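# Here is a sequence together with a model predicted from it:
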4 protein chains.
Amino acid sequence: MNKTRLEAFSDAVLAIIITIMVLELKVPHGSTLSALEPLVPVILSYIMSFVFLAIYWNNHHHLLHTIKKVNGRILWANFHLLFWLSLVPFVTGWMGENHFAPATMALYGFILLMSALGYYILVLTILKSHGKDSLLARAIGKDLKGKISVVLYILGIAGTLINSWIAAAFYVAVAIIWLVPDKRIEQAIYSEENK
Amino acid sequence: MNKTRLEAFSDAVLAIIITIMVLELKVPHGSTLSALEPLVPVILSYIMSFVFLAIYWNNHHHLLHTIKKVNGRILWANFHLLFWLSLVPFVTGWMGENHFAPATMALYGFILLMSALGYYILVLTILKSHGKDSLLARAIGKDLKGKISVVLYILGIAGTLINSWIAAAFYVAVAIIWLVPDKRIEQAIYSEENK
Amino acid sequence: MNKTRLEAFSDAVLAIIITIMVLELKVPHGSTLSALEPLVPVILSYIMSFVFLAIYWNNHHHLLHTIKKVNGRILWANFHLLFWLSLVPFVTGWMGENHFAPATMALYGFILLMSALGYYILVLTILKSHGKDSLLARAIGKDLKGKISVVLYILGIAGTLINSWIAAAFYVAVAIIWLVPDKRIEQAIYSEENK
Amino acid sequence: MNKTRLEAFSDAVLAIIITIMVLELKVPHGSTLSALEPLVPVILSYIMSFVFLAIYWNNHHHLLHTIKKVNGRILWANFHLLFWLSLVPFVTGWMGENHFAPATMALYGFILLMSALGYYILVLTILKSHGKDSLLARAIGKDLKGKISVVLYILGIAGTLINSWIAAAFYVAVAIIWLVPDKRIEQAIYSEENK
């Protein structure tokens, strides 16, 4: 089974998820700029989720780039990841409409945590079928970023018991970790390809 | 006519169907976790439909993997299947919002039944144009799973006359039948390919 | 410029158009089968538009199958067609919710008419850049079906002045003309390919 | 990293953005043609945004056509562009529902301006990784159109302080600049390819 349709399907689902979040931006009734004020938290939460979903697309892109075969287990691990990501628009909307209330921040963190675990399971499933010596195995290495992310999400969720902004700080920290380009990994993949 | 666009179009429709179901998860007005309680049946019905649509995508993927030619009849049989699947978000929403009331469970089962028949018609249409000795014919065999599914759906729909949970049990049974990997079929296809 | 992205983009837009029509099927509040009664005209109009959009996808598929080059004019003619098709969900919803009232039927016919003209312009644009001796030119021939469709749509729109069902009859007639397989065209294309 | 998935993902997002704008066309309750009157500004704003998004798709298509390699920076520049474009349905809806009130026209122009800058950043990022002697560098040249567009958007936004229609005139002017085919660029690309 080749990976083309799996990539195409995942791309379509991610594109839809990232775009239907915009539907949560309900057109305000007033026609002045001040009518947009109540939308500020909704837009902030939209930006946050847009960045997280873009990071997932990037990582997913890199992950599938390294493999060739796809089996039934990988298909289902991929669906499991997409399931958690498909809930992002819902928790984003809830968080934005309620001005980052603690419970909404906790649920948001929980969905991000489950997505991170879903991604981790996908990585493990692929590694299992491709062997520990594969290009992927070397590129991933100890997956420090993934493990740190899980810890930060849990700290963020716990932080909502004290204050929403503690949670926000932890979630933003995860995004920054992933946004900073990890040159070593990229080089590992490409040096391999150009051998 | 090659199959690439048929696959791409079916993937897009399935991706959209699976994702717009999330729009049924309306953001609650309260900002506490208890505000999510009324959403529990909606989320349960979402999970159920997500799994069914994922199974259809998997089977559709395998089915089209074995063929090369596509004719007008196959295109229309595929549209017929997509039509019934496109109604899944509607019946999922109705079922979830009404806490699995019997009538909503019966309609849900009816749409699943029609989708199963639509899939069966698609298989027959492909078999007709590819011959009984084709790889597909051998892989499908007697299509026991498909036939059992139809029976279970009918039993489930009838079961709603007594109790919603009888129906739920039958529908979940269908999902389990398909989720358990059918190693023989997968091996049949791949052993053929690697000859 | 190759045609792959044009096909992919058109497929995505058509897939979304055909699927967001389902969002017009609003979940009813009652939990009995009789709660579905008001939805019957909405479902009928959904089926009608589903069939029309499926016919357009099929024809679009065949049309682009015969060409290799794509230029700026073809891109814009394609966008023009997609624009009219993108209005189908709106007129379908209006027609369904108003139980096929004459004005809604007239607007529905108008959008179908403009879509048919948009398709005709796309065909002419492609013919212009591929020459009259091309495979496409021979396959299309005098495009009798296209011309009859335009006449039937106009008769249908005029018919709404008398009665909605006259219009419906004309629209259904167009669908039937296209659904009946036109074996000569299909054979012309494939005999050419297998030379 | 090849560009196929980047193209596919961008196509999907653009297709969804262009299509969910139709959801802003809410089905009116009356069943006569006069019930459509309040929708006229909504439809006009839909047409305007449809044309702008089609122009972006065309330009994006040409831009990626000329490159082969994609790196992390290009992926993120592309996401940045998609972010601003994803806000087009929102500002289109706000503008249409408020009959082109000045503040709504200013925000619409702002989103178009940011999209234009996002596109410009994408072009620069691609140029940086492909070199100044590349096919793209010659095809783009001094990017006069892009620079004029930015000036016209700013004039349009400033114009909303006086009158909405001044802004509309500037925005329409940008669309016309891009719609008029720029034969030199197209020929530059194709003459290169046919060498």
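Now that the structure is in, tell me what you want to look at.

# and the residue in chain A that chain C sits nearest to, how many neighbours?
Closest approach of chain A to chain C (Cβ to the nearest Cβ) occurs at A:Ala12, with a separation of 7.7 Å. Every C-beta, even on glycine, is put in place using the N, C-alpha and C of the backbone. A:Ala12 has 28 neighbours, counted by other Cβ atoms under 10 Å in any protein chain shown.

# That one and A:Leu122: what is the separation?
Distance, A:Ala12 to A:Leu122, by Cβ to Cβ, to the nearest Å: 17 Å.

# now A:Ile67
With Cβ to Cβ as the criterion, A:Ile67 and A:Leu122 are 11 Å apart.

# Can you pick out the residue with more neighbours from the two?
A:Leu122 (23 against 17).

# what sits against that one?
For A:Leu122, the contact set (Cβ atoms under 8 Å, 6 or more residues apart in numbering or on different chains) comprises A:Leu63, A:Ile74, A:Ala77, A:Asn78, A:His80, A:Leu81.

# mind checking the SS state of it?
Following DSSP: H, G, I helix; E, B strand; the rest coil, the label given to A:Leu122 is helix.

# Excluding residues flanking it in the chain, which one is nearest it?
A:Ala77 (4.3 Å; Cβ to Cβ, 6 or more residues apart in numbering or on different chains).

# And for A:Val42?
A:Gly96 (3.7 Å).

# contacting residues around the one you found?
A:Glu24, A:Pro41, A:Val42, A:Ile43, A:Leu44, A:Ser45, A:Tyr46.

# Quick check: the two most widely separated of the residues you listed?
A:Glu24 and A:Leu44 (12.2 Å; Cβ to Cβ).

# rewinding a little: closest one of the contacts of A:Leu122 to C:Ile55?
Nearest to C:Ile55 among the contacts of A:Leu122, with distances taken as Cβ to Cβ, is A:Asn78, at 33.4 Å.

# Identify the residues contacting the one helix or strand the closest one maps to?
Using DSSP states H and E, A:Asn78 sits within helix A:72-86. Helix A:72-86 is contacted from outside by A:6, A:10, A:13-14, A:17, A:53, A:56, A:60, A:111, A:114-115, A:118-119, A:121-122, A:125-126, A:128-129, B:18-19, B:22, B:47, B:50, B:54, B:58, B:61, B:179, B:181, B:186, using Cβ under 8 Å, 6+ apart.

# Contact residues of chain A facing chain D?
Contact residues (Cβ under 8 Å from any Cβ of the partner chain) of chain A with chain D: A:7-8, A:11-12, A:14-16, A:18-20, A:22-23, A:25, A:27-29, A:31-33, A:35-36, A:47, A:50, A:54, A:57-58, A:61-62, A:65, A:179, A:181, A:186.

# now the helices: where do they sit in chain A?
A:4-20, A:40-65, A:72-86, A:88-97, A:102-130, A:135-140, A:144-159, A:164-179, A:183-193 (DSSP state H).

# Below-threshold pLDDT in chain A: ranges please.
A:1, A:131-142, A:181-195 (pLDDT under 70).

# ok, which residues in it are in contact with chain B?
So far as Cβ under 8 Å from any Cβ goes, chain A lies against chain B at A:1, A:5, A:8-9, A:12-13, A:16-17, A:20, A:23-24, A:71-73, A:75-76, A:79, A:82-83, A:86-87, A:89-90, A:93-94, A:97-99, A:101, A:103-104, A:106-107.

# I'd like to know which of those are buried.
Taking 16 or more other Cβ atoms under 10 Å in any protein chain shown as the criterion, what is buried in the residues of chain A next to chain B is A:1, A:5, A:8-9, A:12-13, A:16-17, A:20, A:23-24, A:71, A:75-76, A:79, A:82-83, A:86-87, A:89-90, A:93-94, A:97-98, A:101, A:103-104, A:106-107.

# if I pick the residue nearest to A:Ile148 when sequence neighbours are not counted, what's in contact with it?
Of all residues not flanking A:Ile148 in the chain, A:Ile177 sits nearest, at 6.4 Å (Cβ to Cβ, 6+ apart). Residues in contact with A:Ile177 (Cβ under 8 Å, 6+ apart) are A:Lys145, A:Ile148, A:Ser149, A:Leu152.

# Which of those has the largest number of neighbours?
Busiest of the contacts of A:Ile177 [other Cβ under 10 Å] is A:Ser149, holding 26 neighbours.

# can you tell me how far that one sits from chain B?
23 Å (Cβ to the nearest Cβ, to the nearest Å).

# ok, now A:His62?
For A:His62 relative to chain B (Cβ to the nearest Cβ), the value is 21 Å.

# A:Ile157 is in contact with A:Leu112, isn't it?
No. The pair A:Ile157 / A:Leu112 is not scored as a contact, 9.1 Å apart, by Cβ atoms under 8 Å.

# shared neighbours, these two?
Going by Cβ under 8 Å, 6+ apart, no residue sits against A:Ile157 while also sitting against A:Leu112.

# Comparing these two, which residue is more hemmed in?
A:Leu112 (28 against 20).

# List the contacts of that one.
By Cβ under 8 Å, 6+ apart, the neighbours of A:Leu112 are A:Phe52, A:Val88, A:Tyr153, A:Tyr171, A:Val174.

# tally of neighbours for the second one?
Here the number of neighbours of A:Val88 (other Cβ under 10 Å) works out to 25.

# So it versus A:Ala77, what's the distance?
Counting by Cβ to Cβ - A:Val88 and A:Ala77 are separated by 18 Å.

# pretty sure A:Ala116 is in contact with A:Ile148, am I right?
No. Counting by Cβ under 8 Å, A:Ala116 does not reach A:Ile148; the two are 10.2 Å apart.

# thinking again about what came up before, please determine how far the residue nearest to A:Ile148 is located from A:Gly156.
For A:Ile177 relative to A:Gly156 (Cβ to Cβ), the value is 13 Å.

# cool, and A:Pro89?
Taken as Cβ to Cβ, the span from A:Pro89 to A:Gly156 is 19 Å.

# Counting neighbours, what do you get for A:Gly156?
26.

# hang on, it packs against A:Gly109?
Yes. Contact criterion Cβ under 8 Å: A:Gly156 and A:Gly109 qualify, at 4.6 Å.

# in stretch A:54-69, what's buried?
A:54-67.
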